[in-house]
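Engineer: Could you work out the structure for the sequence below:
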Amino acid sequence: MRSSIHIEAYAIVSEDGMLADAAGAMPPALHIEADQHFFESGLDAVDIAVHGRNSQEQLSHSSTRRRVIVTRSIPSIAADPSNSRAILWNPAGASFDRALDQFAAPNRSVAVIGGPGIFEFFLDRYDVFYLSRAANVRLPGGRAVFGGVPLRMPEAVLAEHGLDNPQRALPDAAHGLTITAWLRSEI
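Structural biologist: Numbering: from 1, shown residues only. The predicted structure follows:
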């Protein structure tokens, strides 16, 4: 039975499927204005953002967003001591639904924004995964969006987990950007 929580994800990757360079930093070549606008609009439309300790957005409304920060540094769920609008969650100690129960309503839509382990954790639960691709950017030895990349492309991983019907959401040919919405098939 599918959860009533709507889960979407946002990731921009290089041609070789990397989110970041070998040092774990997102290079300027992946900061494309059209993608940043699409990303921020998406986050403005959901109730809660979900990400790891090192993945966060630096956008105009970042401080106002409610968020779940995934970490192994706690046993299950705890308040984030540095952000009153956030909780810390360890998936090994509590369910995702229990983490969301820590928030007052509304908490029925979430956006997963990284990093790689977090993107993988939700692969079988996404309703939509917005995969942005920056053309002519390669990050050899970088951090891949999913395990197995670059031997397999991110699109193959998404298809293996029941996401299909790629719908082009926003092309920006001037900057070599393509955003594709990978949708969960209705059963």
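
Engineer: ok, A86 - how many residues close by?
Structural biologist: Neighbourhood size, A86 [other CB atoms under 10 Å]: 21. All C-beta spots, glycine's among them, are computed from the backbone N, C-alpha and C.

Engineer: ok, the nearest residue to it once chain neighbours are set aside - how many residues close by?
Structural biologist: Among residues not flanking A86 along the chain, D80 sits closest, at 3.9 Å (CB to CB, 6 or more residues apart in numbering). By other CB under 10 Å, 16 other residues sit near D80.

Engineer: so D80 makes contact with L88?
Structural biologist: Yes - between D80 and L88 there is a contact at 5.3 Å, judged by CB atoms under 8 Å.

Engineer: For this protein, just list every one of the strands.
Structural biologist: Secondary structure of the chain (DSSP state E): strands at 6-13, 18-20, 48-52, 66-70, 77-79, 86-89, 109-112, 128-134, 143-144, 163-172, 177-184.

Engineer: Quick check: which helices or strands does the first one pack against?
Structural biologist: Helices and strands in packing contact with strand 6-13 are listed as strand 18-20, helix 33-44, strand 109-112, strand 128-134; criterion 3 or more CB pairs under 8 Å, 6 or more residues apart in numbering; DSSP states H and E.

Engineer: Go through the second one and flag the buried ones.
Structural biologist: Within helix 33-44, the residues scored as buried using 16 or more other CB atoms under 10 Å are D35, Q36, F38, F39, E40, G42, L43.
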